[in-house]
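**Q** The following block contains a protein sequence and its predicted model.
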Amino acid sequence: LLKKLRVGLMIAIASTVMFLVFTGEPRRLLASIAIGIAVWVMFSSLQTLGSRMMHMSAGKRSLATIPRGFYGMTLAHIGIGVFIIGVTLVSSFNVEKDLRMELGDQVNIGGYVFSFHGAKAHTGPNYQARRGIVEVFRDQRHVVTLRPEKRTYRAQSNPMTEAAIDAGLFRDLYVSLGEPLDNGAWSVRIYYKPFIRWIWMGPLLMAFGGLLAATDRRYRVAIRGKVSTAAGQVAIPATS
């Protein structure tokens, strides 16, 4: 088995070393090992799929001839790898900060510069709010404008916080307003969560893989065979 998967193991070790070098932090060793394991799981699954195709006869070598159960297994294993990557990167590089920000203040979090431009009154369909304006930049390029709100609904008096979220495949940015402070300042909470979507994508791939495997015709044929065998073995009671 090790001989068959040695290429995947070498790629996993290379991924571990590259991740460690890229982050430049020896304390991320466990995170690097986890990334290597995830890469090994995913690559080995694809390698097994390729190996199955190579062992088919030349006339039948096609993706359509591979059973759905095998595709389901491959997807589920890839989902495990995606989940491991998501959990590892979120737990290792997640940044959360509670700040006091005045008009024009800037803060660098996770390589993104958050610039606070104050909060203005805003009227919604059934609430009054103070809406903050936060410009986000990366490498001096504008990324997004986030508008978190502090709402008070007409049906209740307690203020509610409505966070502003910029979601992406490789990271999510969250900004929420806290309480107004003196001199026009606000307490602001900022989150940088890398690869958090992968935590959800992994289980979705696992679930889809399971559903795909369940539709494999071989399982239905096997169940029908068992039912027919069981029916044939039912003893007919003798009449007296």
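**A** Arrived safely.
**Q** Run through the chain and note the low-pLDDT ranges.
**A** With pLDDT under 70 as the threshold, the chain has low-confidence stretches at 26-27, 56-63, 219-240.
**Q** The same query, at a cut-off of 50, please.
**A** Residues of the chain meeting the criterion pLDDT under 50: 240.
**Q** mind listing the strands for it?
**A** Using DSSP state E, the strands of the chain run over 95-101, 106-109, 112-123, 127-138, 141-146, 149-153, 159-162, 164-167, 171-180, 186-194.
**Q** among the ones you listed, which is nearest Leu5?
**A** strand 186-194 (28.6 Å; C-beta to C-beta). (Glycine included, C-beta is placed from N, CA and C.)
**Q** mind giving me a markdown table with the strands of the chain and columns for distance to Ser15 and mean neighbour count?
**A** As requested, the strands of the chain are arranged in a markdown table below (distance: least, C-beta to C-beta, whole Å; neighbours: other C-beta atoms under 10 Å):
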| stretch | distance to Ser15 | mean neighbour count |
| --- | --- | --- |
| strand 95-101 | 23 | 14 |
| strand 106-109 | 26 | 13 |
| strand 112-123 | 25 | 16 |
| strand 127-138 | 25 | 18 |
| strand 141-146 | 28 | 14 |
| strand 149-153 | 42 | 18 |
| strand 159-162 | 39 | 14 |
| strand 164-167 | 26 | 16 |
| strand 171-180 | 20 | 18 |
| strand 186-194 | 17 | 20 |
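**Q** now for those, which one comes closest to Ile80?
**A** strand 186-194 (19.2 Å).
**Q** could you dump the strands of the chain to CSV with distance to Ile37?
**A** Listed next are those as CSV, based on distance: least, C-beta to C-beta, whole Å:
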stretch, distance to Ile37
strand 95-101, 24
strand 106-109, 29
strand 112-123, 29
strand 127-138, 30
strand 141-146, 32
strand 149-153, 42
strand 159-162, 38
strand 164-167, 27
strand 171-180, 22
strand 186-194, 18
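**Q** Can you tell me which of the ones you listed is nearest to Trp40?
**A** strand 186-194 (21.2 Å).
**Q** Packing partners of that closest one?
**A** Counting contacts by 3 or more C-beta pairs under 8 Å, 6 or more residues apart in numbering; DSSP states H and E, strand 186-194 is packed against helix 68-93, strand 95-101, strand 106-109, strand 112-123, strand 127-138, strand 171-180.
**Q** Please dump these into JSON lines; it should also carry distance to Gly8 for every row.
**A** Listed next are those as JSON lines, based on distance: least, C-beta to C-beta, whole Å:
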{"stretch": "helix 68-93", "distance to Gly8": "11"}
{"stretch": "strand 95-101", "distance to Gly8": "32"}
{"stretch": "strand 106-109", "distance to Gly8": "35"}
{"stretch": "strand 112-123", "distance to Gly8": "34"}
{"stretch": "strand 127-138", "distance to Gly8": "34"}
{"stretch": "strand 171-180", "distance to Gly8": "27"}
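**Q** Out of those, which is closest to Thr152?
**A** strand 127-138 (5.3 Å).
**Q** With only the CA atoms kept, save the closest one in PDB.
**A** This file holds the C-alpha atoms of strand 127-138, laid out as PDB (Å, rounded to 0.1, in the frame of the first residue of the first chain):
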ATOM      1  CA  TYR A 127     -35.900  50.200  12.400                       C
ATOM      2  CA  GLN A 128     -33.600  53.100  13.000                       C
ATOM      3  CA  ALA A 129     -29.900  52.500  12.800                       C
ATOM      4  CA  ARG A 130     -26.400  53.900  12.900                       C
ATOM      5  CA  ARG A 131     -24.600  52.600   9.900                       C
ATOM      6  CA  GLY A 132     -20.800  52.500   9.900                       C
ATOM      7  CA  ILE A 133     -18.700  52.800   6.800                       C
ATOM      8  CA  VAL A 134     -15.500  50.700   6.600                       C
ATOM      9  CA  GLU A 135     -13.400  50.700   3.500                       C
ATOM     10  CA  VAL A 136     -11.200  47.600   3.000                       C
ATOM     11  CA  PHE A 137      -8.000  47.700   1.000                       C
ATOM     12  CA  ARG A 138      -5.300  45.100   0.100                       C
END
